[in-house]
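Trainee: Sequence and computational prediction follow.
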Amino acid sequence: MEWNLKTFENLSATEVYKILQARVDVFVVEQNCPYREIDGIDQSSMHLFLKNDGEVIAYARLIPKDTLYKEPSIGRVLVKKDFRGKGYANEVLKQAIAFITDEWKDPKIKLHGQVYLREFYRSFGFREVTEEYLEDGIPHVDMVLAIN
């Protein structure tokens, strides 16, 4: 298994395909939620992913500030079903936070997470900044991590 962190331009065609496949498998098929997966944000983002035998099994999209929010953001966080419960979600989020704070030097990170993952994000220091709202029929909440 190997962790990768790449700009969109540095992803191979196969990597783009495997990332989109993983995102659709989890967010569209598994959660039965049709939504616009190809949203025009990938090109300006960093892509953090774990590959196992060529398959993307964990992933997060790191979005620069002033792209989605004024703060940098972490989105599309996933671990494929067969690999859950092994600590990959913790590792992908730790690495995403470390990159944003170390490389982008930003003191805040914002995300909009599914409500059922609220405690997971809280365990990293994220705090709610909105009430719950529906996005594509799934309850979400915006959360911010402030680095001191």
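Mentor: Cool, got the structure.
Trainee: tell me which element V141 falls in.
Mentor: Using DSSP states H and E, V141 sits within strand 138-146.
Trainee: Walking through this structure, point out its strands one by one.
Mentor: Here the chain has its strands, by DSSP state E, at 2-7, 46-52, 55-63, 73-79, 108-114, 127-128, 133-135, 138-146.
Trainee: before we move on, back to that, quick one, the strand holding V141 and strand 108-114 angle?
Mentor: Strand 138-146 runs at 160 degrees relative to strand 108-114, counting by axes from the mean of the first three to the mean of the last three CA atoms, to 10 degrees.
Trainee: looking at the protein, which helix or strand is least sure?
Mentor: strand 133-135 (a mean of 93; mean pLDDT, DSSP states H and E).
Trainee: Show me what that one is packed up against.
Mentor: Under the contact criterion of 3 or more CB pairs under 8 Å, 6 or more residues apart in numbering; DSSP states H and E, strand 133-135 touches strand 138-146. Every residue, glycine included, has its C-beta placed from N, CA and C.
Trainee: in the strand it packs on, what counts as buried?
Mentor: 140-145 (16 or more other CB atoms under 10 Å).
Trainee: who's in contact with the spatially closest residue to T130 that is not a sequence neighbour?
Mentor: Among residues not flanking T130 along the chain, D142 sits closest, at 4.1 Å (CB to CB, 6 or more residues apart in numbering). Neighbouring residues of D142 by CB atoms under 8 Å, 6 or more residues apart in numbering: 110-112, 128-130.
Trainee: same thing but 10 Å
Mentor: Under the criterion of CB atoms under 10 Å, 6 or more residues apart in numbering, the contact list for D142 reads 69, 73, 110-113, 126, 128-133.
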